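S.K.: Predicted model and sequence follow; I will ask about them next.
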Amino acid sequence: MQRLYDFIRRHPTGVDTFWAVVLLGLSGMSIVGAPVGSGRERVTAVPLAVALCVVVALRRRAPEKMLLLAIGTGLAQLLLGVRPDVADFALLVITYTVASVGERWASRLALACCLGAAALSRLRWPQETDMDSWPQTVFVVVVLTVPFVLAWVLGDSLRTRRAYFSQLEERAARLEREREAQSKVAVAAERARIARELHDVVAHNVSVMVVQADGAAYVMETSPDQARQALETISGTGRQALAEMRR
């Protein structure tokens, strides 16, 4: 199952193409088996169904262009009198896709089309029955509009959630960079403190060694014992300085 999920994530266009082919097959069966409609209408419905299937296949690769293609196909259906069929499911799919990953202008355009598509379809193909009244017409329009609005809301919610997680990741990365910078500053400050302490220790020991050396040179001939003691002090002070530097 994990391999299948990874494959779907790596090949989104291939998966969309598969579903587009399935939708094309279902649409073809719907067109052929339609009980009503002239032969001209059936012939005209074929390229429109193909265009809507292309919308599904390329929806994630070019969502804005596929939205425009879907709108153009829908307008062609209205002008040519081709009744909606299974292929029009692509309109729901592209609405969700544009709302989730498309540009803002495309998302707003998709929402506007969702709100007007059912009303235009109802006006183009009215139900010619005695029971058909304006409350029923409004009810049918609302029922047909709800799926499109839900698709848009789901897509927009996914966009908002994705943006929220992106902000969280960016904030975490920024905090990590700040923590690394603070660690570097702390290390540099510690090194500076150690350098100052080492400088003080070495300077003190060198000063002692200079004083002892001067004293040894002064009493070398008159008091060899004191000179020897001064040299021993110089040696001990030097060893202590080296030990401090090693530490």
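M.R.: Great, that's in hand. Keep in mind it's a predicted model, so treat the numbers as computed, not measured.

S.K.: Quick check: the gap between G238 and L67.
M.R.: Distance from G238 to L67, counting by CB to CB, to the nearest Å: 83 Å. C-beta: built from backbone N, CA, C; applies to glycine.

S.K.: Return the residue of this structure that is most distant from the centre.
M.R.: Relative to the average C-alpha location in the chain, and by CA atoms, centre = their mean, no residue lies farther out than T222, which sits at 87.0 Å.

S.K.: can you pull the contacts of it?
M.R.: Counting by CB atoms under 8 Å, 6 or more residues apart in numbering, T222 touches no other residue.

S.K.: And the longest helix along the chain, what does it pack against?
M.R.: Using DSSP state H, we find that the single longest helix of the chain is helix 134-219. With contacts defined as 3 or more CB pairs under 8 Å, 6 or more residues apart in numbering; DSSP states H and E, the packing partners of helix 134-219 are helix 89-101, helix 104-124, helix 224-246.

S.K.: what's the domain layout of the chain?
M.R.: For the chain, the domain assignment from automatic domain parsing gives the residue ranges 2-125, 182-246.

S.K.: so A213 touches A230, yeah?
M.R.: Yes: using CB atoms under 8 Å as the test, A213 is close enough to A230 to be in contact (7.2 Å).

S.K.: Which residue of these two possesses the greater neighbour count?
M.R.: Remark: of A213 and A230, A230 carries more neighbours, 22 against 14, as counted by other CB atoms under 10 Å.

S.K.: That one and T237, how far apart?
M.R.: From A230 over to T237 the distance is 10 Å, taken as CB to CB.

S.K.: swap in L79?
M.R.: Separation of L79 from T237 (CB to CB): 103 Å.

S.K.: neighbour-wise, which of the two wins?
M.R.: When neighbours are counted by other CB under 10 Å, L79 and T237 differ, and T237 comes out ahead with 19 against 9.

S.K.: you'd agree the more buried one is up against V211?
M.R.: No: taking CB under 8 Å as the contact criterion, T237 and V211 are not neighbours in contact, 9.8 Å apart.

S.K.: roughly how far apart are the most centrally placed residue in the chain and D214?
M.R.: A centroid search over the chain (CA atoms, centre = their mean) returns S166, at 5.6 Å, as the residue closest to the centre. Distance of S166 to D214, given as CB to CB: 71 Å.

S.K.: and if you look at E176?
M.R.: 57 Å.

S.K.: and G81, what does it touch?
M.R.: Applying CB under 8 Å, 6+ apart, one finds that G81 lies in contact with 41, 124.

S.K.: Could I get the pLDDT score of it?
M.R.: Predicted confidence (pLDDT) for G81: 80.

S.K.: And for A216?
M.R.: Per-residue confidence at A216 stands at 68 (pLDDT).

S.K.: Please apply the same query to S38.
M.R.: Here, the pLDDT recorded for S38 equals 55.

S.K.: swap in the one 4 residues further on?
M.R.: As predicted, R42 sits at a pLDDT of 74.

S.K.: burial count for it?
M.R.: 13.

S.K.: most tightly surrounded among the helices and strands packed on helix 134-219?
M.R.: When those are scored by mean count of other CB atoms under 10 Å, the highest mean neighbour count falls to helix 89-101 (a mean of 23).
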